[in-house]
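**Student:** the amino acid sequence is not available; the structure is as follows:
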Ligand code: HEC
């Protein structure tokens, strides 16, 4: 009985390693170490511009909102053009990441159409949906 303990321990250890390796959480998505700040900057731009855009439409400043929506779209492009084959993500994770960034991009397009309507309600509805697409990816890929 006593002799099976080391085997059990090794079993648990292997299980632990397998489990931690298969989660996408916190894996680096940088093509190169130098792209780390670029990814973070693109994310921060999207975050800040989304807040500014919501403020702008509440103040009826649609000209500013259009400018911000275009800036968000540009930051989207950076994320969408990341070469995932040069990251730590597995093939399966890369496909999931691609799907999630496409969802974001489609929703950014919807937001850009909405700012042309001059309707704050429509813009806020689309920006809320866009925040949802950000959150969907963060739940899977962003470090806690
Ligand atoms: C396809 C995946 C994905 C989508 C979509 C996405 N993000 Fe991220 N985001 C990440 C990952 C992964 C990180 C963590 C980056 C890191 O620190 O390594 C992150 C980090 C961030 C950060 C923290 C940046 C920092 O300085 O550490 C902010 C803010 C952010 N995202 C905002 C957004 C906003 C706003 C959107 C939507 C408009 C968005 N993200 C959409 C994957 C995504």
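**Tutor:** Thanks, I have it. A quick note: this is a predicted structure, and the numbers were derived from the prediction, not measured. Residues are numbered from 1 along each chain as shown.
**Student:** ok, the helix ranked longest in the chain near the ligand or not?
**Tutor:** The longest helix of the chain (DSSP state H) is helix 91-115. Yes: using C-beta under 6 Å from any ligand atom, helix 91-115 reaches the ligand at 97, 100-101, 104. Heads up, the C-betas are built off the backbone N, CA and C, glycines and all.
**Student:** helices or strands up against the helix or strand following that helix?
**Tutor:** Downstream of helix 91-115, the next assigned helix or strand under DSSP states H and E is helix 120-141. Taking 3 or more C-beta pairs under 8 Å, 6 or more residues apart in numbering; DSSP states H and E as contact, the helices and strands that helix 120-141 lies on are helix 36-58, helix 91-115.
**Student:** can you list the buried residues in helix 120-141?
**Tutor:** Within helix 120-141, the residues scored as buried using 16 or more other C-beta atoms under 10 Å are 120, 122-123, 126-127, 130-131, 133-134, 137, 141.
**Student:** and that helix, how far from the chain's centre?
**Tutor:** Centroid separation for helix 120-141 versus its chain: 11 Å, with C-alpha atoms, centre = their mean, to the nearest Å.
**Student:** just stretch 28-39 next, same as before
**Tutor:** On C-alpha atoms, centre = their mean, the centre of stretch 28-39 falls 14 Å from the chain's centre.
**Student:** so, low pLDDT: which residues of this structure?
**Tutor:** 1-2, 12, 14-26 (pLDDT under 70).
**Student:** just to revisit the earlier point, now the buried residues of helix 120-141 in a markdown table, with distance to the ligand?
**Tutor:** What follows is those, written out as a markdown table (distance: C-beta to the nearest ligand atom, whole Å):
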| residue | distance to the ligand |
| --- | --- |
| 120 | 19 |
| 122 | 18 |
| 123 | 14 |
| 126 | 12 |
| 127 | 9 |
| 130 | 6 |
| 131 | 7 |
| 133 | 6 |
| 134 | 3 |
| 137 | 3 |
| 141 | 4 |
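**Student:** dump these to CSV, plus distance to residue 88.
**Tutor:** Output for the buried residues of helix 120-141, formatted as CSV (distance: C-beta to C-beta, whole Å):
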residue, distance to residue 88
120, 42
122, 39
123, 37
126, 33
127, 31
130, 27
131, 27
133, 23
134, 21
137, 16
141, 11
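**Student:** if we can go back for a sec, can I get the helices and strands packed on helix 120-141 in CSV with mean neighbour count?
**Tutor:** Formatted as CSV, the helices and strands packed on helix 120-141 follow (neighbours: other C-beta atoms under 10 Å):
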stretch, mean neighbour count
helix 36-58, 16
helix 91-115, 17
